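Asks: what follows is a predicted protein model with its sequence.
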Amino acid sequence: MTISIAYKNERSTSQQRLGGGEGSEVDAVAAAGDRNIWAVGRRFLYSDGITWWTESYPLPSSANLQVTSLVIPFTDEGWAVGTVQVGGLPAQSILLHMRGLNWTVASPVTGMNDPIYE
């Protein structure tokens with residue numbers, strides 16, 4: 001299956017095509033206006049309303065990240081919360097913060113029995 005994210009405004013149409021298979025899931029989408037759109041899953045996708053880019057995030061490529069909530073209150077700031085699993089370790093809660101286009105881990109990863117988003 002192929003997943004596409006499309007955005008249309010009065011001036012243009014933008015579409016990011018995510019190939020099917022592993023890593024194509026989108027868990028959350030949020031925007032702060034028509035020129036600051038984020039879609040987050042195993043990848044962080046950013047659009048200025050015209051073009052989509054894949055942005056990096058501060059986790060190993062082997063990390064299995066599942067975002068349960070995404071908030072972009074301002075054009076230069078955002079928050080993502082969810083769980084992450086690395087290797088054979090149990091899944092743990094995580095909070096990520098975006099400033100500009102740079103994502104960082106905002107909280108220490110906590111145990112799954114104490115999820116920060118409950």
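Replies: Okay, I see it.

Asks: and the pLDDT at residue 73?
Replies: In this prediction, residue 73 carries a pLDDT score of 92.

Asks: wait, what's in contact with it?
Replies: Shown in contact with residue 73 (C-beta atoms under 8 Å, 6 or more residues apart in numbering): residue 32. C-betas here are computed from N, CA, C, even on glycine.

Asks: next SSE downstream of the helix or strand containing it?
Replies: Residue 73 is located in strand 64-74, with elements delineated by DSSP states H and E. Scanning forward in sequence from strand 64-74 by DSSP H and E, the next helix or strand is strand 77-85.

Asks: need the residues that contact that next one.
Replies: Outside strand 77-85, the residues that touch it by C-beta under 8 Å, 6+ apart are 27-28, 30, 32, 38, 40, 59, 63-72, 91-99, 103, 106, 109, 112, 115-117.

Asks: make a ChimeraX selection of whichever of the residues you listed turn out to be buried.
Replies: Selection of buried members from the contacts of strand 77-85 for ChimeraX, criterion 16 or more other C-beta atoms under 10 Å:
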select :27,28,30,32,38,40,59,65,66,67,70,72,91,92,93,94,95,96,98,103,106,109,115,116
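
Asks: and the closest residue to residue 44 other than its chain neighbours, how many neighbours does it have?
Replies: Distance criterion C-beta to C-beta, 6 or more residues apart in numbering; nearest residue to residue 44, sequence neighbours excluded, is residue 55 at 4.5 Å. By the criterion of other C-beta atoms under 10 Å, residue 55 has 15 neighbours.
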